[in-house]
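Enquirer: Let's see this in three dimensions:
(one chain, ligands or ions: 2)
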Amino acid sequence: MTKVIAVANQKGGVGKTTTAVNLAASLGLYNKKVLLIDVDPQGNSTSGLGIDRRNVKNSTYTILTERISAEECIVETEFQGLSLLPSDINLAGAELEIADYPHRESILKNSVVSIKQEFDYIIIDCPPSLGVITTNALTMADTILVPIQCEYYALEGLSQLMATVRRVKRMYNPHLDIEGVLLTMYDGRLNLTQQVVAEVKKFFPKKVFATVIPRGVRLSEAPSFGMPCYYFDKKCKGTEAYLSLATEIIKKEKSNG
Ligand code: ADP
Ligand code: MG
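Expert: Residues are numbered from 1 along each chain as shown. Ligands and ions are numbered 1, 2, ... in the order given. Coordinates of the predicted model:
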């Protein structure tokens with residue numbers, strides 16, 4: 001069975017892309033077959049895997065606007081177990097272009113039908129909005145993983161995000177569940193961090209991952225070298241944290257299934 005996890009939070013800069021790339025790579029390192037889907041027009045998870053968007057023939061934009069099969073869009077990466085559906089810059093216009101397509105919320109889901117079984121995990125890097133692209137991600141997902149930055153206003157916008165989850169559940173995808181809430185850019189020395197953690201746990205009882213992602217410069221440097229953090233520095237805290245997150249997710253799968 002393939003597990004589809006959408007990494008979503010309409011706030012920008014909370015660690016969605018960093019999480020999507022490094023979680024996908026970590027699952028690959030544990031011998032899982034993983035497909036990372038980049039549906040953010042900024043394409044940071046595409047470039048973060050060393051793929052030059054200008055050389056990409058088909059992208060998630062082509063999938064959404066022309067309804068091509070994901071098979072025609074897939075790119076193999078140089079990282080263990082990891083394939084990619086790349087984004088391209090045109091994706092920024094896709095929300096409008098597909099606004100009146102019939103069944104527009106299911107285009108992504110339908111595009112992967114023929115290849116889904118090849119993968120153990122599909123990870124979707126969502127854009128910082130709650131529009132039709134994020135709806136596409138949530139419609140095909142089994143679960144949503146919500147990264148939350150340990151910062152002031154951490155909880156801001158989460159009510160809208162959860163309202164979107166409920167709407168997608170009601171209309172398109174009744175079994176959509178919450179994989180977990182991931183605390184990112186964590187610095188345990190700060191009082192603020194402790195306050196944020198307490199608030200988030202209150203908002204999402206029992207849904208917060210035991211793994212937290214520390215703030216670490218290696219995590220922010222790796223993308224400019226076009227690689228997940230593990231391939232940049234096997235031993236740093238960020239690498240360890242995302243391997244630990246992958247373990248947590250795999251274990252949960254086993255105990256559920
Ligand atoms: P989003 O996809 O939600 O916009 P990103 O993953 O792109 O967020 O992260 C925003 C910025 O913060 C990026 O420059 C990224 O490199 C940096 N960043 C993300 N997580 C960490 C972390 N744990 N430690 C240090 N920098 C991080
Ligand atoms: Mg991003």
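
Enquirer: Any regions of the stretch 151-257 of the chain where pLDDT drops low?
Expert: 257 (pLDDT under 70).

Enquirer: Helices along that one, start to end?
Expert: Listed in chain order, the helices found in the stretch 151-257 of the chain under DSSP state H, counting those that start in this stretch are 158-171, 191-203, 217-221, 229-232, 237-256.

Enquirer: Need the winner for burial among those helices.
Expert: With neighbours taken as mean count of other Cβ atoms under 10 Å, these reach their highest mean count in helix 229-232, at a mean of 22. Quick note: C-beta positions are derived from backbone N, CA and C, even for glycine.

Enquirer: Of all the helices of the stretch 151-257 of the chain, which one comes closest to residue 78?
Expert: Each of these was scored for nearness to residue 78 using Cβ to Cβ, and the closest is helix 229-232 (8.5 Å).

Enquirer: Pull the residues that contact the closest one.
Expert: Contacts of helix 229-232 with the rest of the structure, by Cβ atoms under 8 Å, 6 or more residues apart in numbering, involve 22, 25-26, 29, 79, 218-219, 221-222, 225, 236, 238-239, 242-243.

Enquirer: Identify, from the residues you listed, the entry nearest to residue 204.
Expert: The shortest approach to residue 204 among those belongs to residue 242, at 20.2 Å (Cβ to Cβ).

Enquirer: Mind telling me what element residue 5 is part of?
Expert: Residue 5 is part of strand 3-7, with elements assigned from DSSP states H and E.

Enquirer: now the helices of the stretch 151-257 of the chain in JSON lines, with distance to residue 104?
Expert: Output for these, formatted as JSON lines (distance: least, Cβ to Cβ, whole Å):
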{"stretch": "helix 158-171", "distance to residue 104": "12"}
{"stretch": "helix 191-203", "distance to residue 104": "31"}
{"stretch": "helix 217-221", "distance to residue 104": "34"}
{"stretch": "helix 229-232", "distance to residue 104": "35"}
{"stretch": "helix 237-256", "distance to residue 104": "29"}
